[in-house]
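# below are the sequence and a predicted model for it; my questions follow.
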Amino acid sequence: MITRRNFLGTTAIIGAAGTAILGGQESKPVANSAAGGAPESTVANSAAGGARGSTVGTYLATRLEQAGVRDYFVVPGDFNLILLDQILENPRLRMIGCCNELNAGYAADGYARSNGVAAMVVTYSVGGLSALNAVTCAYSEDLPVIVVVGGINSDSEWQDKIIHHALGEVRYDYQREIYAHVTAGAFSVRHAADAPAVIDGAIDLALRRRKPVMLEIACNLASMPVPPPRPRRFDAAPASDSAALADAVDHAAELLNKASRPVLVAGSKLRPPASREAFLKLADAAGYAVASVPAAKGMFPETHPAYAGIYWGPVSWPGVASVVESADAYLFAGALLSDYATTGYTAMIDPKKLLLALPGEVRLPGATYAGVQLADFLGALAGKVRRNDASLEEFARGRMKDESPAVAPGDTLTIAEVSRQVHDALGKDTALLVETGDSWFHGLRMRLPEGCRFEIQFQAGSIGWSVPATLGYELGFTTPTRVIAMIGDGSFQVTAQEVSTMIRHGTRPIIILVNNRGYIIEDAIHQGPYNKIKNWDYAGLMEVWTNGEGKGLGLHAKTVGELTAALARATTHDGPCMIEVAIDPQDCSPDMREWGTRVAEANGKPPRS
């Protein structure tokens, strides 16, 4: 039996019978659907499989649809094949077959970013454990990914049989035990009668916590009959404690109103729409200068008159660090102040001036208020703060105009010129996705036009994420959105084959493949021969993957003019396009070198005696 505490203080127990128990009681249907993932709470009305009766698998399919899933990511294996047959009976769900489970997990991560919730289906052990890193990353990025695993035959456990895909020992629970550490809850269906409550409880927890869950369904139960699902609500946002909320708002307003130059800083936990809207309301009311930590880029409109830029300690946008760090009060809303976010803990953040609002609690100098939800706190605070634009005026006085050096079409490409041309390609119907590496630093420097989306896997920083995430991210949109992804060659080699899935399903991303012959971000932290990789003809792979079926296009660019022409062609191409840009390995962002030095120093601190 596994017991673990979640951030709300309730306990998830994986019991011997296989069902999940929450807060010491067997999970009950709680109610909801987050259609499209956008609303905080919506009513589910679809009834796939209802009149004809339901099975465990069709029940799951209906609940996934009601939660807002339209596409689900799959790698088949013998333990999930019957379950996949059952899910396929729902015509409103589309199966997206991926090349491997790690990629399926990253694709689900991307889908959850644009759609609000995602699902994937893999097989027992070899599939579930292959997906584990992607699921762990989704946990760190606050993404509700429902990981469905086809489990072993429910009778095998009671007969102590050795099972393939497993350890070669009579131990079956290790997958759930591992997943319990990197999800909001690990659930198991071992009796068909338990399936509706377990499925509902798993989905409800994923949406409430905005974290992944794992749901293991025994392979011989997938086609077993269960009562048809009834309309219900999945309540995605827990309610605030009203007294704690009022006290937190009053205390925060008092601190901010007596400050002479307060500032606001947006954090990544503003991802839920209600939290972003409440933060915007607060910014409009307060008039303070507004910055974002790197992980929150794009969550506050960068065309807003109060927006100053990215706060990242010594590698912040020009003028931003001085405005934030000289403030006499700063409210960080939903910010995770990690080593990466603070450039090796070198950001000058004074705990005595720090107001930190997080999902579930507000930490103020001298007091912490539990049971306070982020959107509720920010929205209520907007009605209590006095307008004060002193920090914004200070930033405006010191703001420097960005200037790009003149270039000619025949000039050799630099990474700065690549960044400039990518920025010029952005618009209200585009989204920019940047991979871990130098792409981070160039993407974070761009000021986004109105309506442009931005994604970065900043907390996890797992190289290779962006290729499958680009696939899932585009599929998750309900309106036409052109995704532009900046990806380094080293990261690309980790998950490259998922480009073939983009071609298969007719997605239309523009991939800017930065070929600088290695792991340049690792070099910035610590140089060594292990950071060098074998060079590929990356653009040439598009023809290999297309193989006469689909519309993959690969282009090369070595000069300014060649990139200009390639981008013009890519924007009119009706399929995935990869533009391989050749960049000198020594040509990288000065910010990355500065950041790498600071992170290396933090990593290399000697142990305390």
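In hand now; what should we look at?
# hey, let's count contacts and neighbours off CA atoms from now on
OK.
# counting neighbours, what do you get for Asp155?
12 (other CA atoms under 10 Å).
# how about it, what does it touch?
By CA atoms under 8 Å, 6 or more residues apart in numbering, the contact set of Asp155 is empty.
# in the helix or strand hosting it, what's buried?
Secondary structure assigned from DSSP states H and E places Asp155 in helix 154-158. Neighbour-count burial for helix 154-158, with 16 or more other CA atoms under 10 Å as criterion, is recorded at Ser154, Glu157.
# same check, this time on stretch 351-364
So, applying 16+ other CA under 10 Å, buried residues of stretch 351-364: Lys353, Leu354, Leu355, Leu356, Ala357, Leu358, Pro359, Gly360, Glu361, Val362, Arg363, Leu364.
# neighbouring contacts of it?
By CA under 8 Å, 6+ apart, stretch 351-364 touches 7-8, 240, 248, 251-252, 269, 328-335, 365, 368-374, 377.
# can you name the element that comes right after the helix holding Asp155?
helix 174-179.
# report the mean per-residue pLDDT for that following helix.
For helix 174-179, mean pLDDT rounds to 95.
# and for stretch 203-220?
97.
# which strand residues bridge Met214?
Assessed by DSSP bridges, Met214 has beta-bridge partners Val147, Ala186.
# wait, it touches Ala186, no?
Yes - between Met214 and Ala186 there is a contact under CA atoms under 8 Å: 4.7 Å.
# and for those two, which residues touch both?
In contact with both Met214 and Ala186: Arg176, Tyr179, Ala202, using CA under 8 Å, 6+ apart.
# the second one is in contact with Pro212, isn't it?
No - no contact is recorded between Tyr179 and Pro212 when judged using CA under 8 Å, the distance being 9.6 Å.
# who touches both of the two?
Gly185.
# so which of those two has more stuff around it?
Neighbour totals were compared for Tyr179 and Pro212, and Pro212 leads with 34 against 23 (other CA under 10 Å).
# now that one: how far from His505?
Pro212 sits 25 Å away from His505, taking CA to CA, to the nearest Å as the criterion.
# and if you look at Leu60?
For Leu60, the distance to His505 (CA to CA) stands at 24 Å.
# who's more crowded, the two?
A direct count of neighbours by other CA under 10 Å for Leu60 and His505 places Leu60 higher, at 24 against 16.
# in contact with the residue nearest to that one when sequence neighbours are not counted, which residues?
Here the nearest residue to Leu60 in space, its sequence neighbours aside, is Ile199; by CA to CA, 6 or more residues apart in numbering that works out to 6.6 Å. By CA under 8 Å, 6+ apart, Ile199 lies in contact with Leu60, Arg63, Leu215.
# the last one touches Val149, doesn't it?
Which is Leu215. Yes - at 6.1 Å, Leu215 counts as touching Val149 under the criterion of CA under 8 Å.
# what residue lies at the spatial centre of the chain?
The residue lying closest to the centre of the chain (CA atoms, centre = their mean) is Glu141, at 4.7 Å.
# now the closest residue to that residue other than its chain neighbours, what's its secondary structure?
Using CA to CA, 6+ apart and skipping residues adjacent in sequence, the residue nearest Glu141 is Gln459, 6.5 Å away. Following DSSP: H, G, I helix; E, B strand; the rest coil, the label given to Gln459 is coil.
# confidence score at Gln459?
Predicted confidence (pLDDT) for Gln459: 94.
# contacting residues around it?
Cys137, Ser140, Glu141, Ala295, Ser338, Tyr340.
# now those residues as JSON lines including pLDDT?
Rendered in JSON lines, the data for the contacts of Gln459 read as follows (pLDDT from 0 to 100):
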{"residue": "Cys137", "pLDDT": "98"}
{"residue": "Ser140", "pLDDT": "97"}
{"residue": "Glu141", "pLDDT": "97"}
{"residue": "Ala295", "pLDDT": "97"}
{"residue": "Ser338", "pLDDT": "90"}
{"residue": "Tyr340", "pLDDT": "84"}
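# and these, which of them are buried?
Buried among these by 16+ other CA under 10 Å: Cys137, Ser140, Glu141, Ala295, Tyr340.
# now do the residue of the chain positioned farthest from its centre, the pLDDT please.
Most distant residue from the mean C-alpha position of the chain: Gln159, 41.0 Å away (CA atoms, centre = their mean). For Gln159, the pLDDT comes out at 73.
# what about this protein, any weak spots by pLDDT?
1-52, 158, 235-236, 398-403, 520, 523-524 (pLDDT under 70).
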